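J.: The sequence isn't on hand, but the structure is:
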Ligand SMILES: [Zn+2]
């Protein structure tokens, strides 16, 4: 599965939009700075005339003159920096600020598609924008102190659910922060509504912000896609496939494993997918209602052992954070004493 023309054009239009927005903002910053510091404008004009003079001298082969121009250049830059600092502007205040410094919002870096381009591609191909919207509200900052009970205990830990979850959340933050160096694989398991998907989403968000490629699929969608892919490959003999993104993206999130209709096909596909990703050194996060023991029984033994050997299992507390959330909300509104 590759981008069609209109999808490609839509991405390129977005880059054009970013570039003109950033240029406009740069001009606005410039105007503000010039208004406060008229000398800055003079210096910038000097710099442009210097550039012209330098080009002319270079053409004449006058290397001595070029050298002295360079010194003039440096002196002007120093004066500019001093002025900006004196008025409390950041040193790069007058520079272009790019959304993606890697490709300067062109979509391409080193002659290849930039990470940010690949991310857009995944978004379009896998309809990831919905999850992106959701992630705007849900992230580590919004989850830290909410939703988890202070009175209920987390079995076997001696901690309240809330204390336990603070540890889990800190672990997830670390996982995201160290992702490029350490990678790793997680399974969040526990009943519905305990925040599994939410935590996976928080990690996804951090990575997406660093322009890493994240594919987020429910188990049902994943297996549907794999089945479709196999079918269309058989029919058309296509090599290029969406499977590649699933196998090669930096992080794959398989949500709600165990809710799909499982059979020998899903079993073999899951093994193939996990195995390929593990051997490629790619990270996977799984959320599931099944306990580690149930996972081993529900799927094949070889899947069970891959999971046990390579994944960290994180148990979620019983109870429903959505209910706690509502309770907390009611309390806040004075409805419940
Ligand atoms: Zn980029």
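T.: Yep, it's here. Predicted model only: the values in this text are computed from it and were never measured. Numbers count the residues shown, from 1 in each chain.

J.: CA only for contacts and neighbour counts going forward, please
T.: Noted.

J.: Now tell me what touches stretch 165-185 from outside.
T.: Stretch 165-185 has contacts (CA atoms under 8 Å, 6 or more residues apart in numbering) with 140, 144-145, 148, 199, 203, 206-207, 281-285, 310-312, 314.

J.: Neighbours of residue 163, how many?
T.: Using other CA atoms under 10 Å, the number of residues around residue 163 comes to 18.

J.: I'd like to know how far the residue nearest the centre of the chain sits from residue 177.
T.: Nearest residue to the geometric centre of the chain (CA atoms, centre = their mean): residue 208, 0.7 Å. Distance from residue 208 to residue 177, counting by CA to CA, to the nearest Å: 12 Å.

J.: can you check residue 312 too?
T.: In this structure, residue 312 and residue 177 are 17 Å apart, going by CA to CA.

J.: same thing with residue 216?
T.: Distance of residue 216 to residue 177, computed by CA to CA: 19 Å.

J.: of those two, who's got more company?
T.: Shown here are residue 216 and residue 177; by other CA under 10 Å, residue 216 has more neighbours (24 against 15).

J.: contact partners of stretch 88-107?
T.: Contacts for stretch 88-107 (CA under 8 Å, 6+ apart): 12, 15-16, 18-19, 22-23, 26, 29-30, 81, 84-85, 109, 113-114, 116-117.

J.: at 7 Å what do you get?
T.: Contact partners of stretch 88-107, identified using CA atoms under 7 Å, 6 or more residues apart in numbering, comprise 15, 18-19, 22-23, 26, 29-30, 81, 84-85, 109, 113-114, 116-117.

J.: Would you mark the buried spots in it?
T.: Buried residues in stretch 88-107, counted by 16 or more other CA atoms under 10 Å: 93-94, 96-98, 100, 102-107.

J.: For the stretch 101-250 of the chain, which segments are assigned as strands?
T.: According to DSSP state E, counting those that start in this stretch, the stretch 101-250 of the chain carries its strands in the segments 108-109, 112-113, 153-154, 159-160, 186-189, 214-218.

J.: So which of these is nearest the ion?
T.: strand 108-109 (6.5 Å; CA to the ion).

J.: are any of the contacts of stretch 88-107 buried, and which?
T.: Using 16+ other CA under 10 Å as the burial test, the contacts of stretch 88-107 include 15, 18-19, 22-23, 26, 29-30, 81, 84, 114, 116-117 as buried.

J.: Pipe those into TSV and attach pLDDT and distance to residue 226 per row.
T.: Formatted as TSV, those follow (pLDDT from 0 to 100; distance: CA to CA, whole Å):
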residue	pLDDT	distance to residue 226
15	95	31
18	94	35
19	95	37
22	95	40
23	95	43
26	95	46
29	94	50
30	93	52
81	91	56
84	92	56
114	91	26
116	89	25
117	89	24
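
J.: from those, which ones fall inside helices?
T.: 15, 18-19, 22-23, 26, 29-30, 81, 84, 116-117 (DSSP state H).

J.: List just the nearest of those to the ion.
T.: residue 116 (4.3 Å).

J.: which ones are touching the closest residue to that closest one other than its chain neighbours?
T.: Computed as CA to CA, 6 or more residues apart in numbering, the closest residue to residue 116 that is not its neighbour in sequence is residue 211, at 5.4 Å. Residue 211 makes contact with 115-116, 119, according to CA under 7 Å, 6+ apart.

J.: try 10 Å this time
T.: Counting by CA atoms under 10 Å, 6 or more residues apart in numbering, residue 211 touches 100, 102, 114-120, 205, 250.

J.: could I get those residues as a markdown table with distance to the ion?
T.: Formatted as a markdown table, the entries for the contacts of residue 211 read as follows, by distance: CA to the ion, whole Å:
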| residue | distance to the ion |
| --- | --- |
| 100 | 5 |
| 102 | 5 |
| 114 | 5 |
| 115 | 6 |
| 116 | 4 |
| 117 | 6 |
| 118 | 9 |
| 119 | 9 |
| 120 | 10 |
| 205 | 17 |
| 250 | 16 |
